[in-house]
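this one's sequence-less:
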């Protein structure tokens, strides 16, 4: 029974089964094609990563089984520039309506265009995550005439396309049951590839599924006024005042509207699998309408397309592509290793929302990850969990880089917090954690150490940082009763004998037990737990002038035995 449950839980295997079978039916003997689309209109955030990670995991499983599989990643860089994001000079508004590849990069960027700037950061993150894909620039495709036949075909059948779209134009979009309300920015992010807000080609002059970029101002503020199927003469005028008639059979300065462009590409690429954002389940959405257009107009089939839910953030402002400071995959990879980030996406079905932790929760997440690794190592892991772990740490191409000696993230974070990143001090403390098997070089603990240090430096507020006292708190020490003084004596007497992480853990928990006349390994009672909490609070006050702080055994190692003795009044 457990085996059946585990198969059910492993969503990647189930989709791989379905996609392989569908590939055999549609295109036997050919590589299976899965697809993603990203619009580099701004920072490509952690929600958008699901657009890539979902097909990546399925493609990787297909490759592991020995099938040829191509993951096509369309960079929708021929989309129009729609708005100036927060934090960018308002003068960029003059570029609204131009293709993203024709808009200058943000100030100070080394890249040649807006699109290249935002693609670069994502490309770097995808490389670190071990994602194998074939990138396609839609600017290059359109301007090279790669879709010319499809454009002429769509224009010839514009009446048929219009009739399909007309079925949806008047329908209200009912709220999806159980789906929390989403703001405009979330909807925009959820659409995935392409410009969701783009018009569908309707205008007062008739229906045309193609929109030229003006050859004078390079914006799409254009209206097609006439088209001749025989000659392919297309007349348009632009809001800038320019009017022009071109031969569409030779003209490569425009694109199909999004709701026609997407199904055209499904047919052109032979896509078998492509996920889409949560709003695609509504009538009139791009995915649903595309499914009606792809067969009758382009002779293709709609991909298997699971809906994916939102990815939230804990510890940072709500993720939204319309605001500045949106956490990106690159931001996440500065504070967590690539396998952990992959695991977060692999362990949840696409329709399950989840959060990525930038706050203290990251420590608990890492504990969970390390426990899973231990279960994999000793063979006690459940099959579904083993599958998610395997997909996180390796791809069909091989293992992802990992930390040779993965010490607990919370321990590393505490140490770099106390040492402020001082390498010599950090190595001393890490070497004391396990004297029988000491850390001899910080490189053994990297990159995890560097991720923990970055987290401390960028995500932990200054008031929450640990500052060890420079002088003893003589006033507090002088006010202690005999029982408190005895607890400090017991701790100081046991320091040398217990100077390791495990030893100090036993010591700090054991002191209140000994005072209560119990064995050091006795199980704690409610009264004992109260005594332990009071003892811990006293130590924190004497060491860091607060009631809480890093775990005491780690803190004691970090402070060092001599300084501990001084601060505790020895």
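All right, it came through fine. Predicted model only: the values in this text are computed from it and were never measured.

going forward, measure contacts between C-alpha atoms and count neighbours the same way
OK.

which SSE is immediately downstream of the worst-scoring helix or strand of the chain on mean pLDDT?
Using mean pLDDT, DSSP states H and E, helix 2-9 stands out as the lowest-scoring helix or strand of the chain, at a mean of 40. Going down the chain from helix 2-9, the next helix or strand is helix 11-26, by DSSP states H and E.

any idea of the mean pLDDT in the next helix or strand after that following helix?
Under the assignment DSSP H and E, the closest C-terminal helix or strand after helix 11-26 is strand 32-38. Mean per-residue pLDDT for strand 32-38: 97.

same question, stretch 388-398
97.

now do that stretch: distance from first to last residue.
Terminal residues of stretch 388-398 lie 15 Å apart, using CA to CA, to the nearest Å.

buried residues in that stretch, which are they?
Of all the residues in stretch 388-398, those buried under the rule 16 or more other CA atoms under 10 Å are 388, 389, 390, 391, 392, 393, 394, 395, 396.

what about those, which are in strands?
Residues of the buried residues of stretch 388-398 located in strands (DSSP state E): 394, 395.

from the buried residues of stretch 388-398, which is closest to residue 526?
Residue 526 has its nearest neighbour among those in residue 389, at 37.9 Å by CA to CA.

I'd guessed that closest one sits against residue 343; true?
Yes. Counting by CA atoms under 8 Å, residue 389 does reach residue 343; the two are 6.5 Å apart.

got any residues that touch both of those two?
Common contacts of residue 389 and residue 343 (CA atoms under 8 Å, 6 or more residues apart in numbering): none found.

ok, back up a step: in TSV: the buried residues of stretch 388-398, plus distance to residue 423.
Shown next, in TSV, are those (distance: CA to CA, whole Å):
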residue	distance to residue 423
388	35
389	32
390	33
391	33
392	30
393	28
394	31
395	33
396	36
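
any idea how far residue 210 is from residue 199?
11 Å.

my bad, should have said residue 10
39 Å.

between those two, which has more neighbouring residues?
Looking at residue 10 and residue 199 with other CA atoms under 10 Å, you find the greater number of neighbours at residue 10, namely 20 against 13.

what's around the residue nearest to residue 425 when sequence neighbours are not counted, how many residues?
Leaving aside its chain neighbours, residue 425 sits nearest to residue 419 (6.3 Å; criterion: CA to CA, 6 or more residues apart in numbering). Counted with other CA under 10 Å, the neighbours of residue 419 add up to 18.

could I get the pLDDT score of the residue in the chain sticking out farthest from the centre?
The centre of the chain is farthest from one residue, residue 482, which by CA atoms, centre = their mean lies 53.9 Å away. pLDDT for residue 482: 95.

how near is it to residue 533?
18 Å.

also residue 378?
According to CA to CA, residue 378 and residue 533 sit 34 Å apart.

tell me which of the two has more neighbours.
Higher neighbour count among residue 378 and residue 533: residue 533, with 14 against 8, using other CA under 10 Å.

report pLDDT for the more buried one.
For residue 533, pLDDT reads 94.

and the host helix or strand of it, what does it pack onto?
Assigned by DSSP H and E, residue 533 falls within helix 526-544. Helices and strands touching helix 526-544, by 3 or more CA pairs under 8 Å, 6 or more residues apart in numbering; DSSP states H and E, are helix 501-515, helix 561-567.

who's in contact with residue 246?
Contacts of residue 246 (CA under 8 Å, 6+ apart): 233, 234, 235.

how deep is residue 125 tucked in, by neighbour count?
For residue 125, the neighbour count with other CA under 10 Å is 19.

confirm residue 46 sits in a strand?
No. Assignment of residue 46 by DSSP: H, G, I helix; E, B strand; the rest coil gives coil, placing it outside any strand.

does it touch residue 333 like I think?
No. Using CA under 8 Å, residue 46 is not in contact with residue 333, being 10.7 Å away.

higher neighbour count, these two?
Neighbours were counted for residue 46 and for residue 333 using other CA under 10 Å; residue 46 has more, 23 against 17.

correct me, but the residue nearest to residue 425 touches residue 426?
Yes. At 6.3 Å, residue 419 counts as touching residue 426 under the criterion of CA under 8 Å.

please enumerate the shared neighbours of the two.
residue 558.

the helix or strand where residue 255 lies packs against which elements?
Using DSSP H and E, residue 255 maps to strand 254-256. Contact partners of strand 254-256 among helices and strands, from 3+ CA pairs under 8 Å, 6+ apart: helix 138-143, strand 210-212.

at 7 Å instead, please
For strand 254-256, the packing partners by 3 or more CA pairs under 7 Å, 6 or more residues apart in numbering; DSSP states H and E come out as strand 210-212.

after the strand it packs on, next one along is what?
That would be, after strand 210-212 and using DSSP H and E, strand 222-227.

run through who's touching that next one.
Identification of contacts with strand 222-227 by CA atoms under 7 Å, 6 or more residues apart in numbering yields 205, 212, 213, 214, 233, 234, 235, 236, 237, 238, 239.

show me what counts as buried in that strand.
The neighbour-count check on strand 222-227 (16+ other CA under 10 Å) flags 222, 223, 224, 225, 227 as buried.

for the helix or strand harbouring residue 372, buried residues please.
Assigned by DSSP H and E, residue 372 belongs to helix 361-378. Using 16+ other CA under 10 Å as the test for burial, helix 361-378 gives 362, 363, 365, 366, 369, 370, 372, 373, 376.

show me the contact partners of it.
381, 386, 408, 409, 410.

which ones among those residues map onto helices?
386, 409, 410 (DSSP state H).

out of those, who has the most neighbours?
Neighbour count (other CA under 10 Å) singles out residue 409 as the most crowded of these, with 22 neighbours.

per-residue confidence for that one?
pLDDT, residue 409: 97.

and if you look at the one 3 residues further on?
Residue 412 is assigned 96 on the pLDDT scale.

that one: neighbouring residues, count only.
23.

just checking, it touches residue 452?
Yes. Residue 412 is in contact with residue 452 according to CA atoms under 7 Å; the separation is 6.2 Å.

how far away is residue 481 from residue 142?
According to CA to CA, residue 481 stands 81 Å off from residue 142.

what about these two, which has more around it?
Counted by other CA under 10 Å, residue 481 and residue 142 do not tie: residue 142 has more neighbours, with 19 against 9.

how about that one, nearest residue that isn't a chain neighbour?
residue 252 (6.2 Å).

give me the low-pLDDT residue ranges for the stretch 301-450 of the chain?
Across the stretch 301-450 of the chain, the ranges flagged by pLDDT under 70 are 316-325.

please disregard the earlier target; I meant the stretch 101-250 of the chain.
Applying pLDDT under 70 to the stretch 101-250 of the chain picks out residues 170-198.
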